[in-house]
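>>> how would this look folded up:
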Amino acid sequence: MKVFQVEGQWTHDNLLLSSRPDPQPGPGEVRVAMRAAALNYRDLLVPKRGYGSRMQALPLIMLSDGAGIVDAVGSGVSTVAPGDRVCPLFFQSWAGGPANAERLGRSLGCEMDGTMADYLVLPASGVAAAPAHLDDLQAATLPTAAVTAWRALISEGRIAPGDKVLVQGTGGVSLFALQFAKLAGAEVIVTSSSNDKLARARALGADATINYRTQPEWGRRAREIAGAEGVDHIVEVGGENTLGQSLRAIRPGGTISMIGVLSGGRMDASLGLVVTRHVRLQGITVGSRDDFLAMSAAITRHRLQPVVDRVFSFAELHAALDYLSSGQHFGKICVGI
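Residues are numbered from 1 along each chain as shown. Got it, this is the predicted structure:
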């Protein structure tokens, strides 16, 4: 089978199109013939061993998102059958409940091989049915970005109708957060440096938008838009250069879900505000199988459509990663397999 893997040394140049023997499922396992994959920011870090010693030894097959068709099952498998269309789950070790070291210990494309292959063999519990109304590319966007947004706003955040939610940017997690917040009846503010992207966010349902280039003190503007005491919940993707403004926008007792550090991982904010305003700063790393199932049911019930920006061929993975790095995308970047 063809694969895209890091081999030899941890460098971007050693991310190569290669081949491996077709895998076979053992007892309790299923084999998925992959149809599509999707990119996430972490995929820019993986070839450089960005997650350190926890990562699988080389070679390592890339990517954590995907969708495909089960084409073989091992003995003892009764929950999945050949012909089922499924998504591999990001965390293979997190069925449900709160996060802990064991549950966060095995993720695709990091501690174990990922989805950028013709076939993927996993435990039957490591896949879940894809929503029937979505095509393969749309379904491939769900296991990482969509579950992250769901965990932040629904499982952990428990947002309610009328809540004010601020979403930073228009990447994959951010647009899923916009869509899920609107499903929950929240009012949503979106930030971006692109007026064109902000217009597209309004078309998706954003109630208000802020261009942070023209309004660098966007935290103050967000408080004005939200009214009363400020924003109830913020999906924080920037980190170092944005957390300070998030702390200005959040209401006393509000929640900031830290799901990314795109602008840097150091803390450059007035932490006194976290204390004096009783702010909940919640780290989010994707979510569990239970999160995926609850999210998938909501997506199916509301016929939600993930936003796919651009599709690359299997051989174009390097170009896809370059496009992701450029920040030009609106929504998800996918790869056909």
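>>> contacts and neighbour counts: CA atoms only from here.
Fine.
>>> Need the pLDDT of the nearest residue to residue 281 once chain neighbours are set aside.
Excluding the flanking residues, the one nearest residue 281 by C-alpha to C-alpha, 6 or more residues apart in numbering is residue 256, at 5.0 Å. Looking at residue 256, its pLDDT is 96.
>>> Could you list the residues in contact with stretch 129-145?
35-38, 40, 64-68, 84-90, 172-173, 176, 286, 292, 296-297, 299-300, 303, 305-308, 332, 334-336 (C-alpha atoms under 8 Å, 6 or more residues apart in numbering).
>>> Buried only: go through the residues you listed for me.
By neighbour count, with 16 or more other C-alpha atoms under 10 Å, the contacts of stretch 129-145 hold 35-38, 40, 64-68, 85-90, 172-173, 176, 286, 292, 296, 299, 306-308, 332, 334-336 as buried.
>>> Restricted to helices, list those.
Taking DSSP state H, the ones among these that sit in helices are 172-173, 176, 292, 296, 299.
>>> Where do the domain boundaries of this structure fall?
Structural domains annotated on the chain: 2-141+306-336, 146-283, as defined by automatic domain parsing.
>>> So which of the ones in helices among the buried ones among the contacts of stretch 129-145 is the closest to residue 313?
When these are ranked by distance to residue 313 (C-alpha to C-alpha), residue 172 comes first, at 19.2 Å.
>>> Redo the ones in helices among the buried ones among the contacts of stretch 129-145 as a markdown table? Include pLDDT and distance to residue 7.
Listed next are those as a markdown table, based on pLDDT from 0 to 100; distance: C-alpha to C-alpha, whole Å:
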| residue | pLDDT | distance to residue 7 |
| --- | --- | --- |
| 172 | 97 | 28 |
| 173 | 97 | 29 |
| 176 | 98 | 33 |
| 292 | 98 | 31 |
| 296 | 98 | 35 |
| 299 | 98 | 37 |
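>>> All the helices of the stretch 1-150 of the chain, residue numbers only.
42-45, 136-140, 147-150 (DSSP state H, counting those that start in this stretch).
>>> ok now the first one, how far from the chain's centre?
Spelled out, it's helix 42-45. Computed by C-alpha atoms, centre = their mean, to the nearest Å, the chain-centroid distance of helix 42-45 equals 12 Å.
>>> what pLDDT, on average, does that helix get?
96.
>>> other SSEs contacting that helix?
Helix 42-45 sits against helix 317-326, with contacts defined as 3 or more C-alpha pairs under 8 Å, 6 or more residues apart in numbering; DSSP states H and E.
>>> Give me the contact list for the helix it packs on.
Residues contacting helix 317-326 (C-alpha under 8 Å, 6+ apart): 4, 39-41, 43-44, 312, 329, 333-335.
>>> partners of the helix or strand encompassing the residue nearest to residue 281 in the sheet?
Using DSSP states H and E, residue 256 maps to strand 250-258. Sheet pairing for strand 250-258, assigned by DSSP bridges, gives strand 231-236 (parallel), strand 280-283 (parallel).
>>> Identify each buried residue in the shortest one, please.
Of the residues in strand 280-283, residue 280 count as buried by neighbour count, 16+ other C-alpha under 10 Å.
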